[in-house]
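S.K.: please find the sequence and the predicted model below.
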2 protein chains.
Amino acid sequence: MRLSIERTRERIGDLHVGVMEAAKARLDNLTKPPGSLGVLEELAIRLSGITGRVLSEIRHKLVIVMAADHGVTAEGVSAYPSEVTAQMVMNFVNGGAAVNVLARHAGARMLVCDMGVKSNLECAGVLPIRVRPGTDNLATGPAMSRQEAIEAVERGIWVAEREIKSGADLVATGDMGIGNTTPSSAILAAFSGLPIRRLVGRGTGISDERLSRKVSAVSRALSVNRPDPRDAIDVLHKVGGLEIAGLAGVILGCAANRVPVIIDGFISGAAALVAAKLEPRSRQFMFASHLSEEPGHRHMLELLDLEPMLRMRMRLGEGTGAVLAMHLVEAACRIISEMASFQSAGVAGP
Amino acid sequence: MRLSIERTRERIGDLHVGVMEAAKARLDNLTKPPGSLGVLEELAIRLSGITGRVLSEIRHKLVIVMAADHGVTAEGVSAYPSEVTAQMVMNFVNGGAAVNVLARHAGARMLVCDMGVKSNLECAGVLPIRVRPGTDNLATGPAMSRQEAIEAVERGIWVAEREIKSGADLVATGDMGIGNTTPSSAILAAFSGLPIRRLVGRGTGISDERLSRKVSAVSRALSVNRPDPRDAIDVLHKVGGLEIAGLAGVILGCAANRVPVIIDGFISGAAALVAAKLEPRSRQFMFASHLSEEPGHRHMLELLDLEPMLRMRMRLGEGTGAVLAMHLVEAACRIISEMASFQSAGVAGP
């Protein structure tokens, strides 16, 4: 039951332009000045283009949180030890993490996937689709093999397919992996060519000393590995991470099935860059949730040409920003469905 | 049962600093890097300072929408005729407006108040507390008398008191009044002294011609009336509006009762400026919801020193941005209450 990247790419289509025009016409006839709900109206129009229906109803919200470990932690780039990845996965299973709280608040189901946690996680609450137990240190060589990167993306596609078949109609992406802002910065640096110092931030809140180590790790990752920005899989296997690869697959799987996918912050953004590079049309199915405190995030969103809805100075990941934005996407669905028209309400137009 | 502005001002206290420190200590021990939830954590801390409890639960969300007409529409400053104010109030009562849809989505009750609609609204769904049937044209003289402005503020205080006594524990402000971005710009100009052209926008979406008329109306309002920026009631009665005055009262009433109040966009922002001028401590009880497309709004938020959470390019008013932000304030309450601590989850700290 292998779902190849190539086959998935081919299934990703364009937005339904005619349905979007019908959605805009409907919105312009509702009791408000045309366009005055701004992004809410744009969300409603794009959802129509995705689903092919003017009115959509969201019935089954899902946040997919993918976890993995990172060999680059050997460089001392994080304030937390690697063991915290597995500990936080157990926290997800027990419902105590920030993303659990916000997913409950959003009315979303949560699926936790082990894409490559180092220690054994034997737990019914985690989907065990680990490709390998963590990556190698990207500062000294490739993080994983090309084949492993492809495998991780394809497992992500498989997860999305499976969940959408079970009914998921709005997906949010989330991540857990101590050290994973480092591969995310490296991916961004490889694709953008921007100066590395502008793309490396304090992640969970590291000291100046760790920050210099992180900048050095990303610089060495690029000079040692020489990732080819025209080849997304080359970038991914050399300087990426297993959860980032899996999330890129989730995004492609959503796009192939015409399901809107809300992108969380910096790590999910790196996955979105990979997905957009693999198939540019996938971008049309993505919604940016928030602007992260991580300084490289705004560059990512510019490359993706996506506009964040929330400015909450968050920098936690896990999918926290994405689940928080589900409320806004649902609001857009309700606006176009439930508002009165000028005629039905007896209100004079402009 | 008159609630004077003076008496209400005296009741507005400061935030409970000790409780805020306890809230911060609790947040720093939850399973996330300290401060990594950004504004969500700041919301939780400020809510603690407001309520005096580390953990708050929101049980009764309310959006108060105040409506009134504006004599300045005679200057041709709006794309819509004045009659639309009353028509939209009926749309609110019938549940078809954008704010109705978003209030339902937020799980909030909605209260519509007639503060000064020109035509008679005899309808059980509207609280009839009209001070006068619309203002006079502020471009040619005072919008209302000083006594009427005070009366409108005090009716707003009365509404807040009444609703808080009935259980409201999170209030959002909303407005309806064709022409009301003009008095809002005039209030902002009076308080800020900034060039009028930077404070006047297209409101519901007016033409270049109407925009010049609007700039001229605000300029004349200031030169004819010479409002004194040190005297908020002077500004309010000369260049304000009845719903703006009422909302300033609602904000003061919330602050006096230590109930958090979410400020909508440009018109609610003008009311917040008046409230903050009347009693600077009231600012501590305000939360800014979104950044409006109206160009003067960012200057308002700077004067108020409030940071908007949502960037949705909205410019509708009615309370739409404020009800959309209720989800975020509730999220903050749930984060501090429901997340696991490092110890309880068995997660290693930094």
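M.R.: Perfect, thanks for sending it.
S.K.: which single residue in the stretch 251-350 of chain A comes nearest to chain B?
M.R.: A:Ala340 (2.7 Å; Cβ to the nearest Cβ). Glycine gets a C-beta too; all of them are placed from N, C-alpha and C.
S.K.: quick one, what contacts the closest residue to that residue other than its chain neighbours?
M.R.: Nearest residue to A:Ala340 in three dimensions, chain neighbours excluded: B:Gly96, at 2.7 Å (Cβ to Cβ, 6 or more residues apart in numbering or on different chains). Residues counted as contacts of B:Gly96 (Cβ atoms under 8 Å, 6 or more residues apart in numbering or on different chains) are A:Thr31, A:Glu338, A:Met339, A:Ala340, A:Ser344, A:Ala345.
S.K.: same deal with A:Asp28?
M.R.: By Cβ under 8 Å, 6+ apart, A:Asp28 lies in contact with A:Pro34, A:Gly35.
S.K.: ok, back up a step: correct me, but the residue of the stretch 251-350 of chain A closest to chain B touches B:Val93?
M.R.: No - shown here, A:Ala340 and B:Val93 do not form a contact pair, counting by Cβ atoms under 8 Å, at 11.4 Å.
S.K.: ok, these two, which is more surrounded?
M.R.: A:Ala340 (21 against 17; other Cβ atoms under 10 Å in any protein chain shown).
S.K.: and the helices in the stretch 101-250 of chain A?
M.R.: A:146-165, A:181-192, A:208-225, A:232-239, A:242-256 (DSSP state H, counting those that start in this stretch).
S.K.: which among these is found nearest to B:Asp305?
M.R.: helix A:208-225 (29.4 Å; Cβ to Cβ).
S.K.: on contacts alone, who are the packing partners of the closest one?
M.R.: helix A:181-192, helix A:232-239 (3 or more Cβ pairs under 8 Å, 6 or more residues apart in numbering or on different chains; DSSP states H and E).
S.K.: got a list of contacts for that helix?
M.R.: With contact meaning Cβ under 8 Å, 6+ apart, helix A:208-225 is reached by A:72, A:75-79, A:138-142, A:181-183, A:185-186, A:189-190, A:196-197, A:199-200, A:202-203, A:206, A:238-239.
S.K.: ok, which of the residues you listed also contact chain B?
M.R.: The subset of the contacts of helix A:208-225 within reach of chain B, by Cβ under 8 Å from any Cβ of the partner chain, is A:Ala79.
S.K.: looking at the stretch 101-250 of chain A, which residue is nearest chain B?
M.R.: Closest point on the stretch 101-250 of chain A to chain B, by Cβ to the nearest Cβ, is A:Thr204, at 3.9 Å.
S.K.: against A:Ser119, how distant is the nearest residue to that residue once chain neighbours are set aside?
M.R.: Using Cβ to Cβ, 6+ apart and skipping the chain neighbours, the partner closest in space to A:Thr204 is B:Pro33 (3.9 Å). Distance of B:Pro33 to A:Ser119, computed by Cβ to Cβ, to the nearest Å: 21 Å.
S.K.: of these two, give the one with the bigger neighbour count.
M.R.: Neighbour tally, B:Pro33 and A:Ser119, criterion other Cβ under 10 Å: the higher count belongs to B:Pro33, 20 against 14.
S.K.: any stretches of chain A with poor pLDDT?
M.R.: A:1-2 (pLDDT under 70).
S.K.: just the strands in it please.
M.R.: With DSSP state E, the ranges of strands along chain A come out as A:61-68, A:109-116, A:126-128, A:170-176, A:261-263, A:286-288.
S.K.: restricting to C-alpha, output stretch A:133-150 in PDB.
M.R.: Provided in PDB are the C-alpha atoms of stretch A:133-150 (Å, rounded to 0.1, in the frame of the first residue of the first chain):
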ATOM      1  CA  PRO A 133      15.700   6.100  15.700                       C
ATOM      2  CA  GLY A 134      16.600   9.700  15.100                       C
ATOM      3  CA  THR A 135      18.700  11.400  12.500                       C
ATOM      4  CA  ASP A 136      22.500  11.600  12.400                       C
ATOM      5  CA  ASN A 137      24.300  14.900  13.100                       C
ATOM      6  CA  LEU A 138      23.600  17.100  10.100                       C
ATOM      7  CA  ALA A 139      26.600  19.400  11.000                       C
ATOM      8  CA  THR A 140      29.000  16.500  10.100                       C
ATOM      9  CA  GLY A 141      27.100  14.700   7.300                       C
ATOM     10  CA  PRO A 142      23.700  13.900   5.900                       C
ATOM     11  CA  ALA A 143      20.900  13.700   8.500                       C
ATOM     12  CA  MET A 144      19.600  10.500   6.900                       C
ATOM     13  CA  SER A 145      19.800   8.700   3.600                       C
ATOM     14  CA  ARG A 146      17.900   9.800   0.500                       C
ATOM     15  CA  GLN A 147      15.800   6.700   0.700                       C
ATOM     16  CA  GLU A 148      14.900   7.300   4.400                       C
ATOM     17  CA  ALA A 149      13.800  10.800   3.600                       C
ATOM     18  CA  ILE A 150      11.500   9.500   0.800                       C
END
